[in-house]
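# structure for this input, please:
(one chain, ligands or ions: 1)
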Amino acid sequence: MISIKGLTKKFLIQHKEITAVDDLSLTIKKGEIFGVIGYSGAGKSTLIRLINRLEEPTSGSVIIGDKEITNLRKGELRNARQNIGMIFQHFNLLWSRTVSENISFPLEIAGVPKDEREKRVQELIQLVGLAGRENAYPSQLSGGQKQRVGIARALANDPKVLLCDEATSALDPETTNSILDLLVDINERLGLTIILITHEMHVIQKICNRVAVMENGKIVEQGEVIDVFLKPKHSVTKKFVEQVMGNEEGDLTEIIDDHSAGKLVRLHFIGETANQALISTISKQFNIEVNILQGKINQTKLGAYGTLTVQILGEIEEIDRTITFIKEETSIEVEVLAHA
Ligand SMILES: Nc1ncnc2c1ncn2[C@@H]1O[C@H](COP(=O)(O)OP(=O)(O)OP(=O)(O)O)[C@@H](O)[C@H]1O
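Down below sits the predicted model:
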């Protein structure tokens, strides 16, 4: 478990004080993929760099497992850092070293003997899918391959935690997906705790268990990814959710104006219920007609979620019976938007 308490980082720029991280507290569970999202300047990079003390905090503490990172002396910190791997947006590879030599680098620093190093490098190359590219130089690799080297290097000393600083922001969507798949694979296979920062909500949606939304150095909202997507509370969170869900409220006024008959209902699906054949069930069971007006179902790590806006037509009593059925017999949430 990682426990962050009252963490604060102030920078002094031209005699002006900037609070990049502001009295921030956060708990990250062992083995989870935890995402921190925020706009540029929110303090995400500073936060992630405070976790392994690439940045010294002004105050507050970071505890990983049983070690208070913020209290360690230099030598102790060097040892503790072997348990914390990190990958970067621009990969930070050594350009004059081959793939194998880049991956071997942290093992050399840790004093691992040569034959053991070579064995470990081979394992890592297999793990990240770089077989055949051992002797290539970074300049000969694609962006995705460079990040695979970054990941292998970060995992060399068998860390317990992996910090990802905008690790896919320099990659195209397809490569991003393959790197995210690799992170999930590593998380599951090695039981590694992953903390990632990003400004892209689809990254959070695809691989994170929980998410924290940052603004002005503070966490303004946090929770399970599905819950935050379904019911974003803070305005910043709502904007991020719109990145992948579209602006439902904006479209709604038009839909309500165009469909004045029957009842207009929004159905919220969570988890497994997203796969239930609700529409065909209610159409068969009740004397009503259902028009699907708008809908979006998204896949997250913990299942599907989404909303469906439908118009239910028929006798008002029958419509109400249908709505009662959905409320009482299914786990789908019903929101009546308008009725004629
Ligand atoms: N080394 C530094 N010296 C001075 N100010 C800094 C330093 N690092 C960050 N800041 C300031 O701290 C604030 C938070 O920056 P930070 O890079 O942590 O945000 P971010 O959310 O990661 O944004 P971005 O994605 O643009 O990096 C900004 O106002 C930034 O200018």
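# make it CA atoms for all contacts and neighbour counts henceforth
Fine.
# quick one: buried residues of stretch 62-75?
Of the residues in stretch 62-75, 62-64, 68-70 count as buried by neighbour count, 16 or more other Cα atoms under 10 Å.
# show me the helices in the chain, by range?
44-51, 74-81, 99-109, 114-127, 143-155, 173-190, 201-207, 225-230, 235-245, 248-258, 278-285, 316-329 (DSSP state H).
# pick the most deeply packed of those helices.
helix 143-155 (a mean of 25; mean count of other Cα atoms under 10 Å).
# hmm, back to that, the helices of the chain: lowest mean pLDDT?
Mean pLDDT is lowest for helix 248-258 among those, at a mean of 65.
# ok, back up a step: show me which pair in the buried residues of stretch 62-75 is furthest apart.
I64 and T70 (9.8 Å; Cα to Cα).
# correct me if wrong: Q222 contacts A212.
Yes: here Q222 reaches A212: they are 4.1 Å apart, a contact under Cα atoms under 8 Å.
# against the ligand, how distant is the residue nearest the centre of the chain?
In the chain, the centroid-proximal residue (Cα atoms, centre = their mean) is I204; its distance is 2.6 Å. According to Cα to the nearest ligand atom, to the nearest Å, I204 stands 15 Å off from the ligand.
# same thing with F11?
Applying Cα to the nearest ligand atom, the value for F11 to the ligand is 5 Å.
# in terms of pLDDT, where does that residue sit?
On the pLDDT scale, F11 gets 96.
# how many neighbours does the closest residue to it other than its chain neighbours have?
Of all residues not flanking F11 in the chain, I18 sits nearest, at 5.1 Å (Cα to Cα, 6 or more residues apart in numbering). Counted with other Cα atoms under 10 Å, the neighbours of I18 add up to 14.
# wait, doesn't I18 sit right on G41?
No: I18 lies out of contact with G41 (Cα under 8 Å); the separation is 10.7 Å.
# list the contacts for A170?
Residues in contact with A170 (Cα atoms under 8 Å, 6 or more residues apart in numbering) are 89-90, 143.
# nearest to the ligand among those residues?
For the contacts of A170, the closest approach to the ligand (Cα to the nearest ligand atom) belongs to Q89, at 10.2 Å.
# wait, the closest one touches T168, no?
Yes: taking contacts as Cα under 8 Å, Q89 lies within contact range of T168: 6.4 Å.
# near the ligand, which residues of this protein?
Residues of the chain lying close to the ligand (Cα under 6 Å from any ligand atom) are 11, 13, 20, 38-46.
# could I get those residues as TSV with distance to S283?
Output for the residues of the chain next to the ligand, formatted as TSV (distance: Cα to Cα, whole Å):
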residue	distance to S283
F11	61
I13	64
A20	54
G38	43
Y39	44
S40	47
G41	50
A42	48
G43	50
K44	48
S45	51
T46	53
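# which one of the residues you listed has the most neighbours?
Going by other Cα under 10 Å, K44 tops the residues of the chain next to the ligand with 28 neighbours.
# tell me the contacts of the spatially closest residue to that residue that is not a sequence neighbour?
Once flanking residues are discounted, K44 sits nearest to I197: 6.3 Å by Cα to Cα, 6+ apart. Each residue near I197 by Cα under 8 Å, 6+ apart is listed here: 35-37, 44-45, 48, 164-166.
# now swap in A152 and tell me
A152 neighbours (Cα under 8 Å, 6+ apart): 103, 124-125, 127-128.
# which of the residues of the chain next to the ligand fall within strands?
11, 13, 20, 38 (DSSP state E).
# show me which pair in the residues you listed is furthest apart.
Applying Cα to Cα across those, the maximum distance is between I13 and G38, 22.0 Å.
# count the residues that sit near the closest residue to the residue nearest to the centre of the chain other than its chain neighbours.
Leaving aside its sequence neighbours, I204 sits nearest to G35 (Cα to Cα, 6+ apart; 6.0 Å). Burial of G35, expressed as a neighbour count using other Cα under 10 Å, amounts to 26.
# list the contacts of L47.
Contacts of L47 (Cα under 8 Å, 6+ apart): V21.
# that one and V62, how far apart?
10 Å (Cα to Cα, to the nearest Å).
# swap in I292?
49 Å.
# just L267 next, same as before
41 Å.
# could you do T198 as well?
For T198, the distance to V62 - Cα to Cα - is 21 Å.
# do the same with P106
23 Å.
# which one in the chain is furthest away from the centre?
E315 (45.0 Å).
# apart from its chain neighbours, what residue comes closest to that residue?
I288 (7.6 Å).
# around the single nearest residue of the stretch 51-200 of the chain relative to the ligand, count how many other residues there are.
Residue of the stretch 51-200 of the chain nearest the ligand, by Cα to the nearest ligand atom: H199 (7.1 Å). A total of 19 residues lie near H199 under the criterion other Cα under 10 Å.
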